[in-house]
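**Q** with the input below, show me the fold.
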Amino acid sequence: MKKFILKISLIILLSVSTNYAYSLNTSYYRLIEDRLTEQTTEKEHIEEVFSNSNLIISEDETIYFLGCDFKHSEENKQEINNRLNKSDFFRNYKNELKKYHLTTNSFSKFYYRNNNDLLENNSDSSDLCNEYSNINIILLDNNELMIPYKNQLVFFRRLSNKDEKNLNNFYDNRKCEDTKYIEMEMVDVCYYENMSILDVYDAMSFVPEYNFRVKIGIGENRSVAYRYENTRVLVDYKWKGKNKLEVIQHFEGGETSYIFKHKKNGTKLTTIHSPD
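**A** Below you'll find the model as predicted:
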């Protein structure tokens, strides 16, 4: 029950915070999970934290990650190199850098969290932000993002232009009604102009809090299972014609139903959170 309530809270927080600097120049990055070292005891922890968090670069060169802002450093390569040397980066990550054939010449930009901001302004901070405020983010010359974390280099790849455009449309074209509370259920209704059911679903699949794990096609009914925070989740996909899709996620402690209905001007999405 507690995990289910936490999931609902994350989605509500997501819907409230989606005004964060989304524009045509916003870039989105996702974790490259197959590069995580299999042997490390931190692999599961890294997947849990980083795969459930998008990295978003706004047009003002700020990275939004784990609930806080990472600022772009104006330092040149030599200054960045000196900063990393002082933190023992090259010693701690020597094997990882060698493994991926990386040198400071591969580093294009450097992003950091200013700890003074945590003291002066807590408006954008969160528990995760406070916990991971000391991490640095490096943009590589191949346009991947890299985070040194617990002696492992964690990489993120940018979404395709098509996926980024669809995700921006998802945020820009959305109009939502106020949340309704019906007995124990919470009901949210949103309208997405000029987007098909699959447009909306595919955009949501890049937002980790929604937990949409599979690609689907029109008329494909299926049931899949996956792990979420060490619990098993069963998901049912049911099409009712070409213009209606129901996705039901069965969690420990409740279920969430997503009802997509395509109309002439776009798609209506009704989300129902039902705790046991």
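**Q** what's the average pLDDT for stretch 247-256?
**A** Confidence for stretch 247-256, expressed as mean pLDDT, is 88.
**Q** output it in CSV with nothing but the alpha carbons.
**A** Output in CSV follows, covering the C-alpha atoms of stretch 247-256 (Å, rounded to 0.1, in the frame of the first residue of the first chain):
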residue,chain,number,x,y,z
VAL,A,247,-4.0,-0.1,-19.6
ILE,A,248,-4.4,-1.5,-16.1
GLN,A,249,-1.4,-1.8,-13.8
HIS,A,250,-1.8,-4.1,-10.9
PHE,A,251,0.5,-3.1,-8.0
GLU,A,252,0.9,-4.4,-4.5
GLY,A,253,-1.6,-2.3,-2.6
GLY,A,254,-3.8,-1.2,-5.5
GLU,A,255,-4.1,-0.6,-9.3
THR,A,256,-4.0,2.2,-11.7
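**Q** quick one: low-confidence ranges for the stretch 51-200 of the chain?
**A** 51-54, 114-128, 133 (pLDDT under 70).
**Q** all strands of it, in order?
**A** Remark: strands assigned in the stretch 51-200 of the chain by DSSP state E, counting those that start in this stretch are 55-57, 62-65, 68-72, 107-112, 136-140, 145-149, 152-158, 174-176, 180-182, 185-193.
**Q** list the buried residues for the second one?
**A** Across strand 62-65, burial judged by 16 or more other CB atoms under 10 Å covers 62-65. C-beta coordinates here come from the backbone N, C-alpha and C atoms, glycine included.
**Q** picking that back up, out of the strands of the stretch 51-200 of the chain, which is closest to Asn130?
**A** Checking the strands of the stretch 51-200 of the chain against Asn130 by CB to CB gives strand 68-72 as the closest, at 8.1 Å.
**Q** by how many degrees do that closest one and strand 145-149 diverge?
**A** Strand 68-72 and strand 145-149 are oriented at 110 degrees to each other (axes from the mean of the first three to the mean of the last three CA atoms, to 10 degrees).
**Q** now do strand 68-72: which elements does it pack against?
**A** strand 62-65, strand 107-112 (3 or more CB pairs under 8 Å, 6 or more residues apart in numbering; DSSP states H and E).
**Q** ok now it, how far from the chain's centre?
**A** How far strand 68-72 lies from its chain's middle: 16 Å, per CA atoms, centre = their mean, to the nearest Å.
**Q** same check on stretch 253-264?
**A** The chain centroid and the centroid of stretch 253-264 are separated by 20 Å under CA atoms, centre = their mean.
**Q** spatially nearest residue to Asp199 (excluding sequence neighbours)?
**A** Excluding the flanking residues, the one nearest Asp199 by CB to CB, 6 or more residues apart in numbering is Asn166, at 5.9 Å.
**Q** how near is the one you found to Phe70?
**A** Asn166 sits 25 Å away from Phe70, taking CB to CB, to the nearest Å as the criterion.
**Q** give me the more crowded residue out of these two.
**A** Neighbour tally, Asn166 and Phe70, criterion other CB atoms under 10 Å: the higher count belongs to Phe70, 23 against 18.
**Q** contacting residues for that one?
**A** Contact partners of Phe70, counting by CB atoms under 8 Å, 6 or more residues apart in numbering, are 62-64, 111-113, 137.
**Q** mind running it again at 7 Å?
**A** Listed by CB atoms under 7 Å, 6 or more residues apart in numbering, the contact partners of Phe70 are 62-63, 111-113, 137.
**Q** can you list those residues in TSV and add distance to Thr37?
**A** Listed next are the contacts of Phe70 as TSV, based on distance: CB to CB, whole Å:
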residue	distance to Thr37
Thr62	29
Ile63	24
Tyr111	23
Tyr112	24
Arg113	24
Ile137	19
